[in-house]
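A.B. asks: Return atomic coordinates for the entry below.
(one chain, ligands or ions: 1)
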Amino acid sequence: MYDFTIVGVGPAGARFARRAAEEGYDVLALEKGTVGEPLACSGHVSTDIWEFVPDSARERLFQNRIYGANFYTGGPDANSHRFYKNEEVSNVIDRVELDRTLADCARRAGADVREEHTVTAVDEQSDHVEVTASVAGEDGTETFEAKMVAGCDGPVSRVRQTVDLPEPDEKLHGVLAFTDEVDHSDHVDVHLTVPGFFAWRIPRGKAGVEYGLAAPPGDDVTERFEQLTSAYGVETDRFCSGAIPIGPPDRVTTDRIFLLGDAAGQTKPFTGGGILYGMTAADCAARHIQPHRPDSLEIYEDAWRETLSTEIRLGHLIRRAYSLPEPIQRVGLAALAGEIGVHMDKPSSFFSKAHLKKLIPRSAVPHKLVK
Ligand SMILES: Cc1cc2nc3c(=O)[nH]c(=O)nc-3n(C[C@H](O)[C@H](O)[C@H](O)COP(=O)(O)OP(=O)(O)OC[C@H]3O[C@@H](n4cnc5c(N)ncnc54)[C@H](O)[C@@H]3O)c2cc1C
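C.D. replies: Predicted coordinates for the structure are as follows:
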């Protein structure tokens, strides 16, 4: 009987596997394919990422440093508004290599990480959970017993569905692809041309340039993507696509099962980024969950919300600006453009009194906001 069986070895699963193994628990982590593949992510993250990987991995993962963003209400030919910081806001990293690195950290900490194991059933009993997996290239299935199961199986989580936990509020459809242009520039381009979200261009240094967008379901993302790349006059390759959950469900735990990462909707509503939030929640889980104490899941449920829910709520607020009428967006961007003092994962840094005071001339802000 394992203490924890983890379903899915993306950033959230690998991080929890590592931290739980470091706590001395017996950990089995099952990944349906090869860790890190297929890619469906920009790997655009705040510099906090370096707290989660060994220093020795930095050179392998790092692709480019970003100091800000050019915002457009139209395509690349329209006027842009530059938001910047005098220090690095974020880094662009190799996401496949990130997942491999995190899985290696979990293995080194003592977790049993097995690839090519697709979990097909999760059966929660009163005193343990049975997890059944099919193994690539083998007939039949294997069943594992654990005191608890972590569902870290991404936005379309089978664990979440199997145990009838509620779905995230929304799932966007994200797409991206690359060109081989070498581009060391230090700003991303953001086009507020997609209903309720945006399209982007990310310079990745020697690794090329990425073009992408995310949109609500039903929107024709492929057609929008073609419009974006033809406006830039580029041909892309290595097309990737994935779901982005926005808005965590009200509950992410049962008696012996808990969700982490995208499975739990632990993402930033205004960017869709979930790497850092998922790993932060994994650390909360490792800190609070004890496999022999089902009541500790309640503590995890409270703790991760206490850590992330204000940021997620304020992130929703920022996202609302993407749906404002274009003339208002233009006026707002023109008024706010310039140096900003925000942390990419913390919308609260944008809404802080000190930052609002700096950002907006005092006379333009309702008195009670800046007092
Ligand atoms: C187009 C796009 C761009 C993005 N860009 C960024 C970005 O720049 N920055 C950022 O922070 N986030 C970004 N994200 C979001 C980010 O990719 C996710 O938030 C992050 O991957 C979530 O990590 P996770 O470990 O929860 O899930 P995942 O990374 O999805 O990992 C889940 C793992 O579970 C495995 N799995 C699934 N089902 C099973 C099963 N039945 N059995 C065994 N294993 C299973 C999968 O193979 C996968 O390896 C982007 C997403 C998309 C779609």
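
A.B. asks: tell me the contacts of residue 33?
C.D. replies: Contact analysis of residue 33 by C-beta atoms under 8 Å, 6 or more residues apart in numbering lists 115-116. To be clear about C-beta, it is placed using only N, CA and C from the backbone, and glycine gets the same treatment.

A.B. asks: Phi and psi next, for the spatially most central residue of the chain.
C.D. replies: In the chain, the residue lying closest to the centroid (C-alpha atoms, centre = their mean) is residue 274, at 1.3 Å. Main-chain torsions, residue 274, degrees, to the nearest 10: phi -130, psi 0.

A.B. asks: Could you find the closest non-adjacent residue to it?
C.D. replies: residue 267 (3.7 Å; C-beta to C-beta, 6 or more residues apart in numbering).

A.B. asks: how close does that neighbour get to residue 138?
C.D. replies: 34 Å (C-beta to C-beta, to the nearest Å).

A.B. asks: the more surrounded of these two?
C.D. replies: residue 267 (27 against 10; other C-beta atoms under 10 Å).

A.B. asks: Phi, psi for the more buried one please.
C.D. replies: Per degrees, to the nearest 10, the backbone of residue 267 is at phi -130, psi 170.

A.B. asks: That one against residue 242, yeah?
C.D. replies: No: judged on C-beta atoms under 8 Å, residue 267 makes no contact with residue 242 at a distance of 11.9 Å.

A.B. asks: so where's this structure uncertain?
C.D. replies: 360-371 (pLDDT under 70).

A.B. asks: Helices of that one, start to end?
C.D. replies: 11-22, 58-61, 95-108, 158-162, 221-232, 275-288, 296-320, 326-336, 347-351, 353-359, 367-370 (DSSP state H).

A.B. asks: Buried deepest among those helices, which one?
C.D. replies: Most buried of the helices of the chain, by mean neighbour count (mean count of other C-beta atoms under 10 Å): helix 11-22, with a mean of 28.

A.B. asks: which strands and helices sit next to it?
C.D. replies: For helix 11-22, the elements it packs on are strand 2-7, strand 27-30, helix 95-108, helix 275-288, judged by 3 or more C-beta pairs under 8 Å, 6 or more residues apart in numbering; DSSP states H and E.

A.B. asks: Is it in proximity to the ligand?
C.D. replies: Yes: counting by C-beta under 6 Å from any ligand atom, contacts between helix 11-22 and the ligand involve 11-13.

A.B. asks: Can you tell me which of those is nearest the ligand?
C.D. replies: Comparing the residues of helix 11-22 next to the ligand against the ligand with C-beta to the nearest ligand atom places residue 12 closest, at 3.5 Å.

A.B. asks: Residue 267 is in contact with that closest one, correct?
C.D. replies: No: distance between residue 12 and residue 267: 10.7 Å, which falls outside the contact criterion (C-beta under 8 Å).

A.B. asks: tell me, what's touching the two both at once?
C.D. replies: In contact with both residue 12 and residue 267: 274, 278, using C-beta under 8 Å, 6+ apart.

A.B. asks: Tell me who's in contact with residue 347.
C.D. replies: 268, 270, 311, 314-315, 317-318.

A.B. asks: how long is stretch 191-205 end to end?
C.D. replies: 21 Å (C-alpha to C-alpha, to the nearest Å).

A.B. asks: same check, this time on stretch 248-260
C.D. replies: Using C-alpha to C-alpha, the end-to-end distance of stretch 248-260 comes to 10 Å.
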